[in-house]
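> Here is a sequence together with a model predicted from it:
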Amino acid sequence: MDTDTIQLQNLPAESTDIFSLTDQVLSDRLEFIKEIGYGNWGSVWLCQPKPVTTEDGVVKPVGQKLAVKLVHRSKTSTTAARVRSLWNEMKIVRNFKSDPHPSIIPFHSFIITPSYALITMTYHPTLIPVEVEEMKAREWFRFLLSAVEFLHKRGVVHNDIKPANILISSKNIPVLVDFGFAEKYDMESDTAFHSNLSYGTPEYLSPERARGLPHDTRKSDVWSLGVTFFEILVGRTPFEHSDGEQFNTSEDLEKYWSRTLRGKWVGSWKFSKPMEKLLQRMVSPNADLRCTAMQAMADTFWKESIGTTTHSLFSFSSFIKE
C-alpha cells in the first residue's frame, strides 16, 4: 500500500464525506468544467455534479456547482506528500462540520481514486475586491476577524491569510479558503502555536516568521490579516510603495522585510483614525505588542458610530447564529 493511502486508514465507519472511487465513477459523477486555480501542489477546478439515477430508476437532480481541489497521484514521494497535505487540509476543516463558521469554507467530501485525490467544496466565484471604501469593508473585516478568532480558539492557524485566499459569498460574506498551510495544535501542549517555520506568502509574513525565528503562529496570522485589511482598503500592502511593486528576488524581499521590521508604512492611505489605530495594533513589528484576534475583536473601533455600524453588527451577529 502506498504512503498516501495509509493516511486514510482507521476512518470511523460512519464517515459520510470520504470516498474511494474508480476514475470512471468519478467521471460519471462530476463534470470538470474548467481550471480556476493552480500551483505546485495541484489545481482547483469548477465542477458540476451530474444527474444520478438510483437503482429504482429515480433521477436525482443536478446539484450546485462545486470547487474541487485536485492532486494527480503517481508513485513519487513528491506526489505522496501532496496527497498527505490535501488529506491534512481535509482533516482540519472537517472538524468544523458540526460547528461551522460563515467565513470559513466548508468542505463537502474527500475523494481518492487511482489517479486523483480531491476535496470538494462550495464554489464562490468572486474574489474579495481591493480599494474598497471603509464603510463597505468594515463588516467584512468583522467577519474575518471572527473567523480567525474561531480558528485560534480551536487550536488551528491558517498560515496563509491574504486577499487571494478570501472569496465573497452570495450573501456578501467574506469566506476564508485554502487551508493547505494550516496547522492544528494540541491545545494542552506546552508548545501549542510555537513554530520557527517560515512558509507562507512572503509579502504577508510577519517579521519574525519571515526570518524563521521562534514565534506564536496566532500572532503571525493576525499580522497577515492586518496586512490583508490594509490591502483591501488601499490596493497594496502597507510596505509597498505602489501597487505592482515587484519582490521577485531575495534582495527585493529583504528590502520589503526590512520595511516590516521598521513597522513604518510607506506611501499614502485614506481611512479613519480608528481604523488606522486598529491596523497598527495588528501590524506591530513587535509580536509582544501585537494584538490577538480576540483583542482586535474587542477594539474600540467597532464601537465607533460610523454610518450604519449598528446595522452591520446586527447583521454579523445574525449570521453567526445561523
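Looks like it arrived, so ask away. Residues are numbered from 1 along each chain as shown.

> Would you mind measuring the gap between the ends of stretch 167-177?
End-to-end distance for stretch 167-177, by Cα to Cα, to the nearest Å: 7 Å.

> same deal with stretch 54-74?
Taking Cα to Cα, the first and last residues of stretch 54-74 lie 33 Å apart.

> Counting neighbours, what do you get for residue 270?
Per other Cβ atoms under 10 Å, the neighbour tally for residue 270 reads 8. In this view, the C-beta of every residue, glycine as well, is placed from N, C-alpha and C.

> separation between it and residue 132?
If you measure residue 270 against residue 132 using Cβ to Cβ, to the nearest Å, the figure is 12 Å.

> cool, residue 71 as well?
Per Cβ to Cβ, residue 71 is found 34 Å from residue 132.

> Point out where the stretch 201-322 of the chain drops to low pLDDT.
305-322 (pLDDT under 70).

> What count of nearby residues applies to residue 64?
Using other Cβ under 10 Å, residue 64 is surrounded by 8 other residues.

> which ones are touching the spatially closest residue to it that is not a sequence neighbour?
Leaving out its chain neighbours, the residue that sits closest to residue 64 by Cβ to Cβ, 6 or more residues apart in numbering is residue 123, at 7.1 Å. Residue 123 makes contacts with 46, 64-67, as judged by Cβ atoms under 8 Å, 6 or more residues apart in numbering.

> Please repeat the previous calculation with a cut-off of 7 Å.
46, 65-67 (Cβ atoms under 7 Å, 6 or more residues apart in numbering).

> Determine the longest helix present in the chain.
Determined from DSSP state H, the single longest helix within the chain is helix 134-153.

> can you pull the buried residues of that helix?
134, 137-152 (16 or more other Cβ atoms under 10 Å).

> For ChimeraX, write the select line for the buried members of the contacts of residue 123.
Entered in ChimeraX, the line below selects the buried ones among the contacts of residue 123, by 16+ other Cβ under 10 Å:
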select :46,66,67
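
> Include secondary structure and distance to residue 90 when you put the contacts of residue 123 into TSV, please.
Formatted as TSV, the contacts of residue 123 follow (DSSP: H, G, I helix; E, B strand; the rest coil; distance: Cβ to Cβ, whole Å):
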residue	secondary structure	distance to residue 90
46	strand	19
65	coil	20
66	strand	14
67	strand	14
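
> quick one: the residue with the largest distance to the centre of the chain and residue 19, what's the gap?
Distance from the C-alpha centroid of the chain, by Cα atoms, centre = their mean, peaks at residue 56 (41.5 Å). Distance from residue 56 to residue 19, counting by Cβ to Cβ: 22 Å.

> thinking again about what came up before, just the mean pLDDT for the helix or strand following the longest helix of the chain, thanks.
Toward the C-terminus, helix 134-153 is succeeded by strand 156-157 as the next helix or strand (DSSP states H and E). Averaged across strand 156-157, pLDDT comes to 98.

> now strand 156-157, how far from the centre of its chain.
With Cα atoms, centre = their mean, to the nearest Å as the basis, the distance from the averaged C-alpha position of strand 156-157 to the chain average is 10 Å.

> Just the helices from the stretch 1-150 of the chain, written as ranges.
Per DSSP state H, counting those that start in this stretch, the stretch 1-150 of the chain carries helices over the ranges 3-6, 23-29, 77-94, 134-153.

> before we move on, the earlier item: so between residue 71 and residue 132, which is more surrounded?
Per other Cβ under 10 Å, whichever of residue 71 and residue 132 has more neighbours is residue 71, with 23 against 16.

> Can you name the residues that contact that one?
Counting by Cβ under 7 Å, 6+ apart, residue 71 has contacts 41-42, 82-83, 86, 116-117.

> Can you add distance to residue 174 and neighbour count and give those residues back as JSON lines?
Output for the contacts of residue 71, formatted as JSON lines (distance: Cβ to Cβ, whole Å; neighbours: other Cβ atoms under 10 Å):
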{"residue": "41", "distance to residue 174": "23", "neighbour count": "18"}
{"residue": "42", "distance to residue 174": "24", "neighbour count": "21"}
{"residue": "82", "distance to residue 174": "27", "neighbour count": "21"}
{"residue": "83", "distance to residue 174": "29", "neighbour count": "25"}
{"residue": "86", "distance to residue 174": "24", "neighbour count": "23"}
{"residue": "116", "distance to residue 174": "30", "neighbour count": "17"}
{"residue": "117", "distance to residue 174": "28", "neighbour count": "26"}
